[in-house]
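Visitor: Build the 3D model from these lines:
(chains A and B)
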Amino acid sequence: MEEWSRSAAPFIVLMKNLSNKEMTSWIFLAPVLFIHLLVVAIPSLSSLALCFTDWNGFGKINFVGFENFLELFDDRVFKKAVTHNLIWTGLFLTVPIALALLAAFLLTGVKRFQMFYRFVFFFPYILASIVNCLIWKYLFHPIHGLAAFFKDIGWESLATSPLTTKETSLYAVAFVDGWHFWGFLVVIYITAMYQVDESLYEAADIEGASKWQTFRYVTFPSIRPMFLFSFLIIIIWSVPAFDYVYILTSGGPAYSSEVVANFMYFEAFRNMNVGYASAVGALMFVYVFTILGFFWTLRKLGWEI
Amino acid sequence: MRISENKLRGAVSNHIILMVLALTIILPIMVLVFNSIKPDEEFGINPLGFPEKVRVMNYYDAFVIGNYAQVMMNSLLLVTGTLIMCLTFSSMAAFSLAVLNPNGKATILIGIYLLVGLSIPAQLFILPLFIIWKNLHLNNTVIGLILIYSALNAPFAVFLIRSYMVQLPRELFEAAIVEGASTFQLFTRVALPLSWPVFLTTGLVVSLAVWNEFLFAVTFIHNEEFKPISTILYSFQNRREENYALISAASIMMAAPLAILFILFQRNFIAGLTSGGTKG
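Guide: Below is the predicted model of the structure:
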């Protein structure tokens, strides 16, 4: 009993120092903090520690320094995956953004069916990756879907499967992911476009500006913060892109659609190379936070982001 | 006269482009719907069109062969469990940040912590998490996955609910305190009832995320009888590679509940899903 009171004494002092109000506010925060620390923070930190080891998930843990990273930079498949992620990011920064800007801009000019179009564009975004993949797995099938259709009408040269052809597999997977994603951009752009001052459009109308000029000099500058934000999330979301690759091609054929997340997944759960896979995770983490830091610095420098 | 004619022509060309874009979404989904009611033998001769003989029995077959009654229950259990845990914990945290201690240092610290947490790629922590879960015997259990989903959705839910609770008039809380309400009663009697619109939005987005989730489901649940619909559909696709009638019917059964919710609550869905966007 005495021992208990002695060891508890610092806590009692601490609790007296913390105001009652602060104490209750922490109690209300505790459950979320507990599960988030358990699920995200602690495993993330241990991953950052494990990337310097050669652990295989059960045996002895040996510290190996930067060996995993040296090995990674020498890994042919990993280098391929990184290149594919960069291509992926580049594709998503151009095609969906351009289409979404076009659609959102046109949508602000129509009154009829506007809700219908918005509904349609956004719809694939709420569908599960597995459902979207099934739709396109069928359409891109070597003998079913579009291939069968092209064969019927005699366009034999088009009757191939872009998912199983080495040259096109990465682009086909990116296409399916982009098909499901671009409606999201439409919605965030159109929200921003409706906040543009109506009088600017009237002025442009009086000046006799063309549609392109209106877009270039009125709409775009006004939605620039949202545009840059979409740039940021696309760069960040391209890093862990996984579902579509894993379901549609698993990185094949012959690693032609391999991406970093899929590479890491197979190293981790098939080969049980815990240390090696952690190194990949750590690099992804460093990359994402470098990008975030970059945007944050720009903001500090007075850019409107 | 001239201007209105120009405007009319502009509207027509707008509609043509928008319609083409809409068709690139509608047509592939139509093919899925057609396939789900197509008899097996028609796939060879009619790859894309509406079936000559409609076969609704595909749905029954998928339901029975895929054991979908059980699978839907698994997914529903995950969604319900996550909603209860995530919304309870997140609303408590949001209440703390918005009402109890809106200007404290803790608020800023927790805010930064949760923002960082949102940006960490899942690949960084999924493997150690898997090992921790194995040691805690939470692998292959529904509660284990509910815990993960609750934690993953919590930062988003806390931000959304907090941004709503901050706007509640402080006089209401002060009046309740004068009447002798405890902190807990402030939470259950004042903050929660007044915040229900944000719970609808948050709940819809969390349900969508859990119902559709793939990566954690495929990693943490290996037991067939606990598998949710997303991973069952994955193994269903792999097993019956060529039976498109059945997998199409199964996919539509997976998409239908969400499609109905989306039609009913389109505004809430879009507001919730893009709120990350407007906060920056």
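
Visitor: Pull the contacting residues for A:Pro31.
Guide: Going by CB atoms under 8 Å, 6 or more residues apart in numbering or on different chains, A:Pro31 touches B:88-89, B:92-93. In short, each C-beta sits where N, CA and C put it, glycine included.

Visitor: go with 10 Å
Guide: With contacts defined as CB atoms under 10 Å, 6 or more residues apart in numbering or on different chains, A:Pro31 is in contact with B:85, B:88-90, B:92-93, B:150, B:154.

Visitor: Out of those, name the ones that lie in helices.
Guide: B:85, B:88-90, B:92-93, B:150, B:154 (DSSP state H).

Visitor: Would you map out the domains in the chain?
Guide: Defaulting to chain A. Following automatic domain parsing, one gets these domains for chain A: A:2-50, A:67-300.

Visitor: I was after chain B.
Guide: According to automatic domain parsing, the ranges for chain B are B:2-55, B:66-279.

Visitor: where does residue 146 land on pLDDT?
Guide: If you meant another chain, say so; for now it's chain A. In this model, A:Leu146 is scored at 78, pLDDT.

Visitor: wait, chain B
Guide: Confidence score, pLDDT, at B:Ile146: 95.

Visitor: again, but for B:Phe265
Guide: 88.

Visitor: For it, which non-adjacent residue is spatially closest?
Guide: Using CB to CB, 6 or more residues apart in numbering or on different chains and skipping residues adjacent in sequence, the residue nearest B:Phe265 is B:Leu204, 5.7 Å away.

Visitor: returning to what we had before: which of the domains of chain A has the lowest mean pLDDT?
Guide: Minimum mean pLDDT among those: domain A:2-50, a mean of 74.

Visitor: which residues touch A:Tyr287?
Guide: Counted by CB under 10 Å, 6+ apart, A:Tyr287 has contacts A:82, A:85, A:235-236, A:239, A:260, B:121.

Visitor: What separation is there between it and A:Leu86?
Guide: 11 Å (CB to CB, to the nearest Å).

Visitor: Name the residues contacting each of those two.
Guide: A:Val260.

Visitor: Contact partners for the residue sitting nearest the centre point of chain B?
Guide: Most central in chain B under CA atoms, centre = their mean is B:Leu208, positioned 1.3 Å from the mean C-alpha point. With contact taken as CB under 10 Å, 6+ apart, B:Leu208 is in contact with A:125-128, B:79, B:258, B:261-262, B:269, B:272-273.

Visitor: from those, which two are the most distant?
Guide: Greatest spacing in the contacts of B:Leu208, by CB to CB: A:Tyr125 and B:Val79 (18.3 Å).

Visitor: Which residue, other than its chain neighbours, is closest to B:Asn58?
Guide: B:Ala249 (4.2 Å).

Visitor: winner for burial among the domains of chain B?
Guide: Of these, the one with the most neighbours on average (mean count of other CB atoms under 10 Å in any protein chain shown) is domain B:66-279, at a mean of 19.

Visitor: roughly how far is it from the heart of the chain?
Guide: 7 Å (CA atoms, centre = their mean, to the nearest Å).

Visitor: Export the ones in helices among the contacts of A:Pro31 as CSV, with columns for pLDDT and distance to A:Ile188.
Guide: Listed next are the ones in helices among the contacts of A:Pro31 as CSV, based on pLDDT from 0 to 100; distance: CB to CB, whole Å:
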residue, pLDDT, distance to A:Ile188
B:Met85, 96, 29
B:Thr88, 95, 30
B:Phe89, 95, 28
B:Ser90, 94, 23
B:Met92, 93, 30
B:Ala93, 92, 26
B:Ser150, 95, 26
B:Ala154, 92, 23
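
Visitor: now, which of these sits nearest A:Asp205?
Guide: Nearest member of these to A:Asp205, counting by CB to CB, is B:Ser90, at 46.4 Å.

Visitor: among the helices and strands of chain B, which has the poorest mean pLDDT?
Guide: One helix or strand of chain B scores below all others by mean pLDDT, DSSP states H and E: helix B:266-279, with a mean of 71.

Visitor: so B:Ser75 sits right up against B:Ile146, yeah?
Guide: No. Judged on CB atoms under 10 Å, B:Ser75 makes no contact with B:Ile146 at a distance of 11.8 Å.

Visitor: Mutual contacts of those two, please.
Guide: Joint contacts of B:Ser75 and B:Ile146 (CB under 10 Å, 6+ apart) are B:Val210.

Visitor: gap between B:Ala154 and B:Ile110?
Guide: Relative to B:Ile110, and taking CB to CB, B:Ala154 is found at 11 Å.

Visitor: shared neighbours, those two?
Guide: A:32-33, A:36, B:93.

Visitor: Just send those residues back as JSON lines, with secondary structure and distance to B:Val56 too.
Guide: Below are the shared contacts of B:Ala154 and B:Ile110 laid out as JSON lines (DSSP: H, G, I helix; E, B strand; the rest coil; distance: CB to CB, whole Å):
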{"residue": "A:Val32", "secondary structure": "helix", "distance to B:Val56": "46"}
{"residue": "A:Leu33", "secondary structure": "helix", "distance to B:Val56": "50"}
{"residue": "A:His36", "secondary structure": "helix", "distance to B:Val56": "46"}
{"residue": "B:Ala93", "secondary structure": "helix", "distance to B:Val56": "47"}
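
Visitor: Who are the contact partners of A:Phe289?
Guide: Here A:Phe289 is in contact with A:236, A:296, B:116, B:119-120 (CB under 10 Å, 6+ apart).

Visitor: which residues does A:Pro105 contact?
Guide: In this structure residue A:105 is Phe, not Pro. Taking CB under 10 Å, 6+ apart as the test, what A:Phe105 contacts is A:186, A:189-190, A:193, A:211-212, A:214-215, A:219-220, A:223, B:14.

Visitor: let me fix that: B:Ile177
Guide: B:183, B:185-186, B:190.

Visitor: Show me the shaky parts of the stretch 151-280 of chain B.
Guide: Scanning the stretch 151-280 of chain B for pLDDT under 70 picks out B:240-242, B:276-280.

Visitor: Quick check: which element contains residue 46?
Guide: Defaulting to chain A. Using DSSP states H and E, A:Ser46 sits in helix A:42-50.

Visitor: My question was about chain B, not that one.
Guide: Judged by DSSP H and E, B:Asn46 forms part of no helix or strand.

Visitor: Now intersect the contacts of B:Leu208 with the strands, please.
Guide: Among those, none falls in strands (DSSP state E).

Visitor: Among the residues you listed, which are located in helices?
Guide: A:125-126, B:79, B:258, B:261-262, B:269, B:272-273.

Visitor: Name the member of the contacts of A:Tyr287 with the most neighbours.
Guide: Taking other CB atoms under 10 Å in any protein chain shown as the neighbour criterion, A:Val260 ranks highest of the contacts of A:Tyr287 with 29 neighbours.

Visitor: so how far is chain B from it?
Guide: 8 Å (CB to the nearest CB, to the nearest Å).

Visitor: re earlier: which among the ones in helices among the contacts of A:Pro31 are in contact with chain A?
Guide: The residues of the ones in helices among the contacts of A:Pro31 that also fall near chain A, by CB under 10 Å from any CB of the partner chain, are B:85, B:88-90, B:92-93, B:150, B:154.
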